[in-house]
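A.B. asks: got a structure for you, letters missing:
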């Protein structure tokens, strides 16, 4: 697959860090990056994560000068973050809590971990683009006109703590943190907000996503145009093009 590297802010040998690399989207993103000709990828995964498939992918591509490594660590550890972000030109940050335990846990494992990652990257001074993977669950459905789609122009939930959804709360706070680092500290960031993600290997839609019966005021259903199939990894590779800095984009298949 041909990539026009002249239009990008990184070259094929610049280091790309992918957190959550053993996850459903993360694994396919790593595949897509390798297919596009990127030759230096660090795949961050939890120590308890299932990395066998990811390790096989990296080992299988470790030829012709390709460097793809699995880095197992904890984003709550500043030392692990410092090691993982060393020399990284681009960071795709997919690792996050699913919000199934508690709001505190979701905040700790989405927002605090992101802060640690950003601080570590800023210390090295090599970062050219931070791609934060959020969710379209951050949008508010209040005052939405009938059958109007949620998109980038929709308002963000102003009181996520009142939604009673830990996942939404953590994603809103994560986006606020990344935006603040961009505005105050010059972080070169892009925020991507995918819709529902499913496909081979992840056929179900988890309960922490906002699917409701069509009679609900949310008006989402699986076969509705309001819920688009997300193609994992496909839309994330282009987030380090020249000129995309500071964008917040929604992505569906």
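C.D. replies: Now that the structure is in, tell me what you want to look at. This is a predicted model, so every value here is computed, not measured.

A.B. asks: Okay, strands next: where are they in this structure?
C.D. replies: Secondary structure of the chain by DSSP state E: the strands cover 15-19, 40-45, 67-72, 88-93, 129-133, 189-194, 248-251.

A.B. asks: State the mean pLDDT of the shortest one.
C.D. replies: Think strand 248-251. The average pLDDT for strand 248-251 rounds to 59.

A.B. asks: Where does the prediction get shaky in the stretch 151-253 of the chain?
C.D. replies: Scanning the stretch 151-253 of the chain for pLDDT under 70 picks out 152, 155, 201-253.

A.B. asks: where do the helices sit along the stretch 51-200 of the chain?
C.D. replies: Under the criterion DSSP state H, counting those that start in this stretch, helices of the stretch 51-200 of the chain are mapped to 52-61, 78-85, 103-107, 113-124, 166-185.

A.B. asks: before we move on, the earlier item: distance to residue 119 and mean neighbour count for the strands of the chain - can I get that in JSON lines?
C.D. replies: In this view, the C-beta of every residue, glycine as well, is placed from N, C-alpha and C. JSON lines is the format used below for the strands of the chain (distance: least, CB to CB, whole Å; neighbours: other CB atoms under 10 Å):
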{"stretch": "strand 15-19", "distance to residue 119": "14", "mean neighbour count": "26"}
{"stretch": "strand 40-45", "distance to residue 119": "16", "mean neighbour count": "25"}
{"stretch": "strand 67-72", "distance to residue 119": "18", "mean neighbour count": "17"}
{"stretch": "strand 88-93", "distance to residue 119": "12", "mean neighbour count": "26"}
{"stretch": "strand 129-133", "distance to residue 119": "12", "mean neighbour count": "25"}
{"stretch": "strand 189-194", "distance to residue 119": "14", "mean neighbour count": "23"}
{"stretch": "strand 248-251", "distance to residue 119": "22", "mean neighbour count": "18"}
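
A.B. asks: and of these, who's closest to residue 109?
C.D. replies: strand 15-19 (11.6 Å; CB to CB).

A.B. asks: which helices and strands does that closest one pack with?
C.D. replies: If contacts are counted by 3 or more CB pairs under 8 Å, 6 or more residues apart in numbering; DSSP states H and E, strand 15-19 sits against helix 24-35, strand 40-45, helix 78-85, strand 88-93.

A.B. asks: Which one of the ones you listed has the poorest average confidence?
C.D. replies: Minimum mean pLDDT among the helices and strands packed on strand 15-19: helix 24-35, a mean of 93.

A.B. asks: hmm, back to that, compare the strands of the chain and report which one is nearest to residue 150.
C.D. replies: Of all the strands of the chain, it is strand 248-251 that lies closest to residue 150, at 7.7 Å by CB to CB.

A.B. asks: Now do the contacts for the residue lying closest to residue 49 once chain neighbours are set aside.
C.D. replies: Excluding the flanking residues, the one nearest residue 49 by CB to CB, 6 or more residues apart in numbering is residue 22, at 4.5 Å. Applying CB atoms under 8 Å, 6 or more residues apart in numbering to residue 22 gives the contacts 43, 45-46, 49-51, 53-54.

A.B. asks: quick one on the thing from earlier: using TSV, please lay out the helices of the stretch 51-200 of the chain together with mean neighbour count and distance to residue 160.
C.D. replies: What follows is the helices of the stretch 51-200 of the chain, written out as TSV (neighbours: other CB atoms under 10 Å; distance: least, CB to CB, whole Å):
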stretch	mean neighbour count	distance to residue 160
helix 52-61	15	32
helix 78-85	19	25
helix 103-107	17	9
helix 113-124	20	16
helix 166-185	20	4
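
A.B. asks: Please convert the ones you listed to TSV, extending it with distance to residue 27.
C.D. replies: Converted to TSV, these look like this (distance: least, CB to CB, whole Å):
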stretch	distance to residue 27
helix 52-61	6
helix 78-85	17
helix 103-107	22
helix 113-124	19
helix 166-185	21
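
A.B. asks: how about these, which one is nearest residue 158?
C.D. replies: Comparing the helices of the stretch 51-200 of the chain under CB to CB, the one sitting nearest is helix 166-185, at 8.9 Å.
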